[in-house]
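Q: sequence unknown, structure follows:
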């Protein structure tokens with residue numbers, strides 16, 4: 001693994017797996033690849049039998065990883081390097097290059113506008129403090145003053161009032177898309193937050209069901225998890241925060 005200081009070092013499991021059915025992340029990905037692609041372009045199951053084989057392919061493909069298997073055995077690993085951190089710019093001009101990109105005239109995707117529905121809010125998904133990617137270590141978020149809960153929606157207080165709710169009330173979140181499928185998550189507590197009007201935020205993976213598989217970024221094909229058009233409905237769990 002590579003840490004935030006560009007140090008690459010080995011990672012070894014410290015605990016006995018709780019079940020023989022538990023598989024590593026590489027094994028899960030290789031299993032999916034084998035089921036969908038077969039042995040193309042590589043023998044996926046053969047690769048995960050020995051992670052040295054994966055590291056050899058990385059060494060052949062990515063600059064800076066030459067002799068990966070040998071170097072990673074060093075105590076503390078090895079320094080991958082950071083050209084920008086050394087003020088070396090690997091560009092044609094050898095200078096840092098900056099580029100601006102104009103936003104489209106309309107940020108609302110045509111598959112949303114074609115429904116004729118006007119979103120109540122545009123929601124982004126994010127991590128809490130007690131979270132690393134999809135691994136959740138606790139239910140607190142000291143960054144945002146949340147304790148003991150994750151099913152929350154951060155909303156501008158003016159929007160909470162505008163939409164006919166009260167701070168602390170629970171709501172169901174429904175995403176808007178053109179395929180007439182209902183994508184809903186239930187019982188999210190509305191928390192007033194310093195966020196621009198019309199915007200909202202919630203933790204993933206709790207709100208992942210709201211993102212249509214077809215909704216991806218142009219060019220990147222990544223899920224549009226930072227721009228999800230949603231409606232709010234009163235939840236059957238409408239209790240206030242105590």
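A: Yep, it's here. Computed from a predicted structure; not experimentally measured.
Q: which element is the closest residue to residue 48 other than its chain neighbours on?
A: The shortest distance from residue 48 to any non-neighbouring residue, by CB to CB, 6 or more residues apart in numbering, is to residue 30 (4.4 Å). Just so you know, the C-beta spots here come from the backbone N, C-alpha and C atoms, and that holds for glycine as well. Assigning secondary structure by DSSP states H and E places residue 30 in helix 25-37.
Q: on that earlier part again, list the residues that contact the residue nearest to residue 48.
A: Residues near residue 30 by CB atoms under 8 Å, 6 or more residues apart in numbering: 44-45, 47-48.
Q: now the element after the helix holding residue 30, going C-ward?
A: helix 44-48.
Q: show me the shaky parts of this protein.
A: 237-242 (pLDDT under 70).
Q: so how far is residue 229 from residue 211?
A: 11 Å (CB to CB, to the nearest Å).
Q: for stretch 39-51, which positions count as buried?
A: 44, 47-48 (16 or more other CB atoms under 10 Å).
Q: nearest to residue 181, of those?
A: Proximity of the buried residues of stretch 39-51 to residue 181 was ranked by CB to CB; the top entry is residue 44 with 31.6 Å.
Q: please tell me how far the closest one sits from residue 36.
A: 10 Å.
Q: hmm, back to that, for the buried residues of stretch 39-51, give me TSV that also has distance to residue 216.
A: Conversion of the buried residues of stretch 39-51 to TSV gives the following (distance: CB to CB, whole Å):
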residue	distance to residue 216
44	24
47	27
48	27
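Q: just give me the closest of those residues to residue 149.
A: Closest to residue 149, out of all of these and judged by CB to CB, is residue 48, at 37.1 Å.
Q: does the closest one touch residue 28 like I think?
A: No: judged on CB atoms under 8 Å, residue 48 makes no contact with residue 28 at a distance of 9.4 Å.
Q: about what we covered before: buried residues in the helix holding residue 30, which are they?
A: Those would be 30, 33-34, for helix 25-37 by 16+ other CB under 10 Å.
Q: now for the residue in the chain sticking out farthest from the centre: which residues touch it?
A: Within the chain, the residue lying farthest from the chain centre (CA atoms, centre = their mean) is residue 93, at 34.1 Å. Residues counted as contacts of residue 93 (CB under 8 Å, 6+ apart): none.
Q: the chain: strands as residue ranges?
A: For the chain, the strands defined by DSSP state E cover 7-8, 78-79, 121-126, 131-132, 135-136, 152-155, 170-175, 184-192, 199-203, 228-234.
Q: for the closest residue to residue 85 other than its chain neighbours, give me its contacts.
A: In this structure, residue 85 finds its nearest non-sequential neighbour in residue 6, 7.5 Å apart by CB to CB, 6+ apart. Residues near residue 6 by CB under 8 Å, 6+ apart: 79-82, 85.
Q: turn those residues into JSON lines, columns for neighbour count.
A: Converted to JSON lines, the contacts of residue 6 look like this (neighbours: other CB atoms under 10 Å):
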{"residue": "79", "neighbour count": "12"}
{"residue": "80", "neighbour count": "16"}
{"residue": "81", "neighbour count": "12"}
{"residue": "82", "neighbour count": "11"}
{"residue": "85", "neighbour count": "9"}
